[in-house]
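Participant: Next come a sequence and a model predicted from it.
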Amino acid sequence: MPRLTKAGRTRTLLPWRGETMVLMAVGLLPAALYFWYGAHDRLGPDPVNVFERWLGLWAVRFLLAALLVTPLRVVSGISLLRYRRMLGLLAFWYALMHVSVYVALDQQGNLAVLWRDITHRPFLMLGFAAFVLLVPLALTSNDWSIRKLGRRWGRLHQLVYGVAVLVAVHFLLAFKTYNATSVSYAAALTGMVLWRVIFLVRARIRRAGS
Amino acid sequence: MARWSYPRPSASEITPRGLWLSRRRLLAGATLGVAAGVGPRAFAEALHTRPGPFQAAEKTTALQDVTHYNNFYEFGLDKTDPSTRSGQFRPRPWTLSVEGLVAHPRVWDIDALIAAMPLEERLYRMRCVEAWSMVIPWDGFPLASLLALAEPLGSARYVAFESVVRPAEMPGQTGGLDSLAWPYVEGLRLDEAMHPLTLLAVGLYGETLPNQNGAPVRLVVPWKYGFKGIKSITRIRLVEKMPPTTWNQMNPAEYGFFANVNPDVDHPRWSQASERVIGAGGFFGGGRKKTLMFNGYGAQVAGLYGTMNLSRFY
């Protein structure tokens, strides 16, 4: 059911019932475009690396967008809640493609290297852990799971804050130096988590005071 | 007759000169249009180079890839920054100072230096610490030839290199988070510097070094990771103590002084066991190959390190 904004209007971007499906397809366009470029040798001299980083960047963007939905509603009253599931799922699809490209195209399925990566290298351990934590969230992103899990669904989905922190550090480590791109995305992700912490603490103080 | 032989890709794999010359002219024309009125620019000039022996068999990386995909943090963080943001850089006039613990210190004019040194073409593998690789036909002369003219004193143990600082011409030097400490500095042990493979390059593909690849003169040490190859060198100093090096200072746990290519010593964040071959073509070009100890130059350089623990001194 569409949620209501403070103004009492239902905000939808497209007038059709299949709206989210259409938007999801639009969200997958960056991946499709770069896949087409890469398959036609138009991603430059190091195409696998470019594609891998591109997918990772978009996973971060959609994760950030999903995390922005609640603060945006609280601060401005604009509710994009009906799109949050789609944004979260897009983050998962991009993370899945990012990991798949790393395993299949970049490391070409070399199990020895992959095993060493996830047992010895903090950079890749963090990234892999973030992906693993996203799996149960993606699997339960449907109405049936929400009904079935009840209150536990909300608690399960708080895992996304852990994912955000892991992704922030992984993203910082993906560059040889600290730079405007890596620091601003990492700060934004961390900010989304801190905002919730502050919000919770303030709510608790208010409750204790009343 | 070459005094020194080293593994080389086969001649048949190299782009025919006519083909890359015509591409080169196209590129030069395009850049000229964009940069008209900017002032003196280094145009690609054919260098008088004599080719060396041929032995190994790898495909030479296309000129377009060598000149449009590389790291040169003075111009920015992205691999495309050096080619797109180096148009303001002026590699002439240029002086290279050879100083420190030498009998004959001298400030060389770059063109006098190039005229004084017989240039050779060297086809070298280039292995970046980021696990990608190229095969590049450099033109230059052994660093040993220049050092021999300066006559290092007995107390000289290391060679320290210093690059240029020109924030007005090098947008990556204008500070910000992504900035390294400038000038970029590098160093070699004296025996490494005197090794016949160690090259001062002034050109590639038979023509003057483009701005983005380290004009007018850069270091090439093919058995070490690419970051040892300091670009746009202004100063070479013979010293007694191990000199500081830029990436080692930035992150000593990840980048050592020696930085010898070594498939058995991983970078803390990624494996060094294999490398992506640049320009292999699209996703499915199969562009990954095993990394060789000392980048395949072990027969020539392993002796420099004797029983040194190469995992400790990475």
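Facilitator: On my side now, so go ahead. Numbers count the residues shown, from 1 in each chain, chains lettered A, B, ... in the order given.

Participant: Could you list the low-pLDDT ranges of the stretch 1-150 of chain B?
Facilitator: B:1-46, B:48-57 (pLDDT under 70).

Participant: again with the stretch 201-314 of chain B
Facilitator: B:285-286.

Participant: Spell out which parts of it neighbour chain A.
Facilitator: Residues of the stretch 201-314 of chain B lying near chain A by Cβ under 8 Å from any Cβ of the partner chain: B:250, B:266, B:268-271, B:273-274, B:276, B:278-279, B:281-285, B:287-288. The way it works is simple: take the backbone N, C-alpha and C, and place the C-beta from them, glycine included.

Participant: Return the residues in contact with whatever residue of the stretch 1-150 of chain B ends up closest to chain A.
Facilitator: In the stretch 1-150 of chain B, the residue that lies nearest chain A is B:D65 (4.0 Å; Cβ to the nearest Cβ). Contacts for B:D65 were tallied using Cβ atoms under 8 Å, 6 or more residues apart in numbering or on different chains; they are A:P45, B:M134, B:I278, B:G279.

Participant: Name the SS class of the residue positioned nearest the centre of chain A, please.
Facilitator: By Cα atoms, centre = their mean, chain A has its centre lying nearest to A:L63, at 2.3 Å. Secondary structure, DSSP: H, G, I helix; E, B strand; the rest coil: A:L63 is helix.

Participant: Let's see the pLDDT reported for it.
Facilitator: In this prediction, A:L63 carries a pLDDT score of 98.

Participant: Hmm, it is touching A:Y185, no?
Facilitator: No. A:L63 is beyond contact range of A:Y185, at 9.7 Å (criterion: Cβ atoms under 8 Å).

Participant: Going along the chain, name the helices of chain A.
Facilitator: Taking DSSP state H as the criterion, chain A contains helices spanning A:19-27, A:29-39, A:47-76, A:84-100, A:111-120, A:122-139, A:143-149, A:151-157, A:159-173, A:180-209.

Participant: Any chance of JSON lines for those, columns distance to B:S97?
Facilitator: Shown next, in JSON lines, are those (distance: least, Cβ to Cβ, whole Å):
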{"stretch": "helix A:19-27", "distance to B:S97": "56"}
{"stretch": "helix A:29-39", "distance to B:S97": "46"}
{"stretch": "helix A:47-76", "distance to B:S97": "38"}
{"stretch": "helix A:84-100", "distance to B:S97": "48"}
{"stretch": "helix A:111-120", "distance to B:S97": "44"}
{"stretch": "helix A:122-139", "distance to B:S97": "40"}
{"stretch": "helix A:143-149", "distance to B:S97": "70"}
{"stretch": "helix A:151-157", "distance to B:S97": "63"}
{"stretch": "helix A:159-173", "distance to B:S97": "38"}
{"stretch": "helix A:180-209", "distance to B:S97": "35"}
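
Participant: With distance to chain B as new columns, can those be given to me in TSV?
Facilitator: What follows is the helices of chain A, written out as TSV (distance: least, Cβ to the nearest Cβ, whole Å):
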stretch	distance to chain B
helix A:19-27	22
helix A:29-39	5
helix A:47-76	6
helix A:84-100	12
helix A:111-120	5
helix A:122-139	4
helix A:143-149	35
helix A:151-157	30
helix A:159-173	6
helix A:180-209	6
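
Participant: out of the ones you listed, nearest to B:T174?
Facilitator: helix A:180-209 (12.6 Å; Cβ to Cβ).

Participant: distance of the residue of the stretch 1-150 of chain B closest to chain A from B:T208?
Facilitator: Note on B:D65: its distance to B:T208, by Cβ to Cβ, to the nearest Å, is 19 Å.

Participant: before we move on, back to that, now the helix or strand harbouring the residue of the stretch 1-150 of chain B closest to chain A: how far from the chain's centre is it?
Facilitator: B:D65 belongs to helix B:63-68 when assigned by DSSP states H and E. Relative to its chain's centre, helix B:63-68 lies at 14 Å (Cα atoms, centre = their mean, to the nearest Å).

Participant: The very next helix or strand once past it: which residues count as buried?
Facilitator: Per DSSP H and E, helix B:63-68 leads on to helix B:81-85 as the next helix or strand towards the C-terminus. For helix B:81-85, a neighbour-count test (16 or more other Cβ atoms under 10 Å in any protein chain shown) marks B:D81, B:P82, B:S83, B:R85 as buried.

Participant: Reformat these into TSV and put distance to A:L111 next to each item.
Facilitator: Shown next, in TSV, are the buried residues of helix B:81-85 (distance: Cβ to Cβ, whole Å):
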residue	distance to A:L111
B:D81	36
B:P82	36
B:S83	37
B:R85	41
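
Participant: Let me know the closest of those residues to A:M21.
Facilitator: Out of the buried residues of helix B:81-85, the member with the shortest distance to A:M21 (by Cβ to Cβ) is B:D81, at 39.4 Å.

Participant: And the spatially closest residue to that closest one that is not a sequence neighbour, how far from B:F283?
Facilitator: Excluding its sequence neighbours, the residue lying closest to B:D81 (Cβ to Cβ, 6 or more residues apart in numbering or on different chains) is B:F75, at 4.8 Å. B:F75 sits 28 Å away from B:F283, going by Cβ to Cβ.
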